[in-house]
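**Q** I would like to see how this sequence folds:
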Amino acid sequence: MGLPMLRRVLSIDTWVAAAALVLMTLIPLLEILLRPGLGKGIENAPALVQHLGLVLAMLGAVAAERHGHLSTLGGGLGALGGGLRQKAIYYFAKASAALICGALALASWRFVASEMVAGHNLAYGVPVWCVQAVMPVGFLLLGARLASRCAEPIMLRLLFSVVLPGLGVLLVAQFEGTSMMLWPFVLWVLAALLAGAPIFAIIGALALALFWQEGQPLASVPLSHYQITVNPSLPALPLFTLAGLVFARTGAAQRLGAVFLAAFGEGVTGTVVAAAVLCSCFTAFTGGSGVTILALGGLLLPLLRNAGYPEQRGIGLVTSASALGVLLAPSVPLIMYAIIARVPINTMFLAGLVPAAVMVVFLLVIGGYLRRQGLPAATLVQTAKEPGHFLKTAWAAKWEILAPVVAITSLVSGLATPTESAALTAAYAIVTQAWAHRELNASVLGKALADCVQVIGGVMLILGMALGLTNYLIDAGVPDAAIEWVQSVIPNKFVFLLVLSIFLLIAGALMEIFAALVVLVPLLLPVAMSYGIDPVHFGIIFLAAMEMGFLCPPAGMNVYFASAMFGKSIRYVAVSVLPAVLAILLGTLLISWLPILATGLPSLFMR
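**A** Numbering: from 1, shown residues only. Next comes the predicted model:
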C-alpha cells in the first residue's frame, strides 16, 4: 500500500465525521422545505441530526488527536530535565490517557448494551444502539492512537496500541463494583495532567474515580457524554462553527476589514477602532477558538503598523479583541450557556449586545489602545477618501454583512429552531462564498469541514466528561453546600459579584471555556440565584469573565495562537495583553453591578 493511500485510510475518521456534518446541515434544510408543502418532513429528523452529532464528536476527536489538536495544559513537567526525561514524561502522559480511554470504552459499552436490551429505534428501523456504538469504538481508537505515541519503532507502536487500552478495559472489568482509594488515583491523574495528558481524559478519569468509589455504575459517565451530545440545541455548535470557518478560509475577512476601515476611518484611531470591532464581530462566528487571530491577524497587524501604531500594542489589540465576540450572537459559548442554564437562546442573543459594546469600549479606553502617547504626529492625520467609499466597500461585503442577519432573524422570529437556524447560516456561508464570490472550491470546503470536526470533536469530549463530573457533584449536594457556605462568608451581593469575577478570571486561566461552562455553571448558578441574580445576567457575567481567560495562560489559547501567528514569544504576547485583562475585568464588574446592561434588551423585546 502506497503512502498516499495509507494516509487516506488513516484519515477515514475525518471524512466520516465530515459526512455526518454535511448531513447535519442538509437534514434541517430539507425539514424547512418539506414541512410547509407536505405537512411533515424526514422521520424523526431532530433525533437523526442529534445522533449524527454523536458520530461527529467521537470521530472528530480521533481526527483531532491524529493532528495533535486535543486540548492539554501543555507539558509543564516536560520542561524539567534533559531530553530523556522529557521523553519519559511525554510517554507517561500518553500512556495514562490511553489507559483511561480503555476504561471509558468499556464503560461506554456497558451503556450501549443496556440500550440494546431496551430496543429503541432511531428512524427508519435503525436501532439507536447502532449509532451509540460509536462511543466505545471511538474511545478504543483514541486509546490506540494515544498509546501508539509511546514508542517510535512501528512494531512497538502497534503493540502498545493494543496493550494499553486493553489494560484499561481489564482494570474496569476486574475491579468495577469494588471500593477504591481515591487519593492515589487523584495524584496519578494530576501528574498526568501536568505531564500533558489531554484534558478530556483527566476530567473523565476523575468522574470515573468518583463514581467508582461510591460503587455507582461507571456507565454514568458515558451516559452524560451521550446526553449532552444529543441535546436538541447542541447541533447548532458545529454548524455555526462551520459557517465561521468557511468565512475564515475565504476573502470574507478582507472584505469586512475594508468595510470597518471605511466606517471608522483609516487614520490610527479609526484603524484601532475598526480592528477591535471587526475582531469582536468575527469571533461571534468563530467562537473564540483562536481562528479569528489566524484569519485577521495577517490583515490587521500590517494595517496598524502602516498607520504608525506600535507593534506590541497592535498585537495586544488583535489578540485581546479576538476574545470579545463571545457575547455576540451566534457565539458558540453563548449558545452553550443557554443550553446548560435552560435559558432561551434568543434571549441570550439579545442580552449580549449591550455588554459586548461595553467590553469593546473598555478595551479601547481603559486598556489604553486609543492612547496617542508615543505615536508620531503624522500618523494622526487621516487620509481623505472619495465620497461613497464606504458604500462601495459595504456593497462588496454585502453577503458577509447579511450573515448575522440570517442567523439571528431566522431564530428570533421563530421561523426556525436553533439547529435549523445554524444549518441555514452554514449553507448561506457555503453558497455565498462558492457562487457569489467564487472563492470556495471543494478543496477549501474540505479543509473547513476537517477543521470543524476536529475543533468540535475535541470540545465535545471535554463537555461530555465534564458533565459526568458535574452530575456527580450535583448528586453529592455540592451546590446546596456551596450556597450555605458562600452566604455565610459573603453576605453582600456586590462583594459576591466582585469575588465571582475574580474567581472566574482564575478559572478561565486554568480551564477551557467549554469545560468551565459545563462544570461551573451548574454549581455557581444556584449560588448566584440565591443572591437574586437573574440567570440571563449571570450568564453574561460568566461569559464576560471567561473572555479574560482567553488571554491568561495556561489555558489562554489566544496567547498561543498570537505567538504562532506573529512569530513572537509567549511572554511578549502575554505582556502585550496585560492592559486588556485589566480592562475586561473592570468591564465585567460594571456589567455585574448594572444588571440592566444585560437584561434591558430582553425585557424590552421578549415580553
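**Q** low-confidence ranges in the stretch 1-150 of the chain?
**A** 1-10, 35-41, 73-82 (pLDDT under 70).
**Q** go with 90
**A** 1-14, 28-47, 66-90, 114-126 (pLDDT under 90).
**Q** Over to the stretch 251-400 of the chain?
**A** Residues of the stretch 251-400 of the chain that meet the criterion pLDDT under 90 lie in 251-314, 318-319, 321-326, 328-336, 339-342, 344-347, 349, 367-394, 397, 400.
**Q** Now Leu122: phi and psi?
**A** Backbone torsions for Leu122, taken as degrees, to the nearest 10, come to phi -90, psi -60.
**Q** Begin at 2, not 1, for the rest of this chat.
**A** Okay, residue one is now 2; in that scheme the one you just asked about reads as Leu123.
**Q** Contact partners for it?
**A** 45, 48-49, 52, 129, 131-132 (Cβ atoms under 8 Å, 6 or more residues apart in numbering). All C-beta atoms are positioned from the backbone trio N, CA, C, and that covers glycine.
**Q** Who wins on neighbours among those?
**A** His52 (25 neighbours; other Cβ atoms under 10 Å).
**Q** ok, for it, nearest residue in space, not its chain neighbours?
**A** Val132 (4.5 Å; Cβ to Cβ, 6 or more residues apart in numbering).
**Q** Isn't that neighbour up against Leu55?
**A** Yes: taking contacts as Cβ atoms under 8 Å, Val132 lies within contact range of Leu55: 6.1 Å.
**Q** which of the residues in the longest helix anywhere in the chain are buried?
**A** Of all the segments assigned as helix in the chain under DSSP state H, the longest by residue count is helix 84-119. Buried residues in helix 84-119, counted by 16 or more other Cβ atoms under 10 Å: 87, 90-113, 116.
**Q** need the helices for the stretch 52-201 of the chain, in chain order.
**A** Using DSSP state H, counting those that start in this stretch, the helices assigned to the stretch 52-201 of the chain run over residues 84-119, 129-133, 135-149, 155-176, 183-196, 200-214.
**Q** same deal with the stretch 452-601 of the chain?
**A** Per DSSP H, counting those that start in this stretch, the stretch 452-601 of the chain carries helices over the ranges 479-490, 494-511, 514-531, 536-550, 558-567, 571-577, 579-594, 597-606.
**Q** Between the ones you listed, which one is closest to Pro331.
**A** Pro331 lies closest to helix 536-550 among these, at 13.4 Å (Cβ to Cβ).
**Q** mind exporting the helix or strand hosting Gly271 as PDB, just the C-alpha atoms?
**A** Element membership for Gly271 (DSSP states H and E) is helix 269-287. Extracted in PDB, the C-alpha atoms of helix 269-287 (Å, rounded to 0.1, in the frame of the first residue of the first chain):
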ATOM      1  CA  VAL A 269      -4.600  55.500  13.500                       C
ATOM      2  CA  THR A 270      -7.700  56.000  15.700                       C
ATOM      3  CA  GLY A 271     -10.000  54.700  13.000                       C
ATOM      4  CA  THR A 272      -7.800  51.700  12.300                       C
ATOM      5  CA  VAL A 273      -7.600  50.800  16.000                       C
ATOM      6  CA  VAL A 274     -11.400  51.000  16.500                       C
ATOM      7  CA  ALA A 275     -12.100  49.100  13.200                       C
ATOM      8  CA  ALA A 276      -9.700  46.300  14.300                       C
ATOM      9  CA  ALA A 277     -11.400  46.000  17.700                       C
ATOM     10  CA  VAL A 278     -14.900  45.900  16.300                       C
ATOM     11  CA  LEU A 279     -14.000  43.600  13.400                       C
ATOM     12  CA  CYS A 280     -12.300  41.100  15.600                       C
ATOM     13  CA  SER A 281     -15.200  41.100  18.100                       C
ATOM     14  CA  CYS A 282     -17.800  40.500  15.300                       C
ATOM     15  CA  PHE A 283     -15.700  37.900  13.600                       C
ATOM     16  CA  THR A 284     -15.200  35.900  16.800                       C
ATOM     17  CA  ALA A 285     -19.000  35.700  17.200                       C
ATOM     18  CA  PHE A 286     -18.900  33.200  14.400                       C
ATOM     19  CA  THR A 287     -15.600  31.500  15.200                       C
END
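**Q** Alright, I will stop here.
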